[in-house]
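1. What would the 3D arrangement of this be:
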Amino acid sequence: MKLTEHFTLQEFLYSDTAGRHGINNVPPDNSPVYANLRKLAETLEQVRTLFGLPVHINSGYRCPALNKAVGGVRNSAHLAGLAADIRIDGIAPHDVTRRITASDLAFDQCIDEGTWTHLSIDPRMRRQVFRAGS
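-> Numbering: from 1, shown residues only. Modelled structure (predicted):
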């Protein structure tokens, strides 16, 4: 199912870890997660426009079992469909983080995780910027 022009629901639900552990990473029917993922996809469309390149999703929605399996924090925005770990081919995560935070894009957290960038749209929209490990 397409959420936006360039993003599908499946991209946000897919997880190698879920597959390896037999975890069903699909939100319940009528869950607010679906509306959140649509908003997140709309934000990632803006990121795609900012860079002029495709945005790849490493991790999107995480059900509680998957979040635990990957070592996610208990209050992770991924649990609500409000965060994605992304990468853009040919651009280092610190440069992705820098360009997003220098733009007028609305976000809650933008974190340089070293090999990807975490971007969340939690309704607080605090524009917090971090570098993992610092």
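
2. Over to the residue positioned nearest the centre of the chain. Which of the three states is it?
-> The residue at the geometric middle of the chain, judged as the C-alpha nearest the mean C-alpha position with C-alpha atoms, centre = their mean, is residue 84 (0.6 Å). In three-state terms, and counting by DSSP: H, G, I helix; E, B strand; the rest coil, residue 84 is strand.

3. Residues in a beta bridge with it, which ones?
-> With DSSP bridges applied, residue 84 shows beta-bridge pairing to residue 119.

4. do the one 4 residues further on as well
-> When assigned by DSSP bridges, residue 88 has beta-bridge partners residue 91.

5. Do a quick rundown of the helices in this protein.
-> If DSSP state H is used as the criterion, the helices of the chain fall at 9-13, 16-21, 33-51, 64-69, 93-102.

6. Now distance to residue 111, mean neighbour count and mean pLDDT too, for those, in TSV please.
-> To be clear about C-beta, it is placed using only N, CA and C from the backbone, and glycine gets the same treatment. TSV is the format used below for the helices of the chain (distance: least, C-beta to C-beta, whole Å; neighbours: other C-beta atoms under 10 Å; pLDDT from 0 to 100):
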stretch	distance to residue 111	mean neighbour count	mean pLDDT
helix 9-13	18	19	98
helix 16-21	19	13	96
helix 33-51	14	19	98
helix 64-69	16	16	98
helix 93-102	7	17	97
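
7. Compare those and report which one is nearest to residue 27.
-> Distances from residue 27 to each of the helices of the chain were compared using C-beta to C-beta; the minimum, 3.9 Å, belongs to helix 33-51.

8. How about residues contacting that closest one?
-> Helix 33-51 is contacted by residues 3-7, 9, 12, 27, 54-55, 57, 60-61, 80-84, 86, 88, 91, 96, 99-100, 103, 105-107, 119, 121 when judged by C-beta atoms under 8 Å, 6 or more residues apart in numbering.

9. residue at max distance from the center of this protein?
-> For the chain, the residue at maximal distance from the C-alpha centroid (C-alpha atoms, centre = their mean) is residue 22, at 21.6 Å.

10. Do you know the pLDDT at that residue?
-> If you check residue 22, the pLDDT there is 97.

11. and it, how far is that from residue 15?
-> Distance of residue 22 to residue 15, computed by C-beta to C-beta, to the nearest Å: 11 Å.
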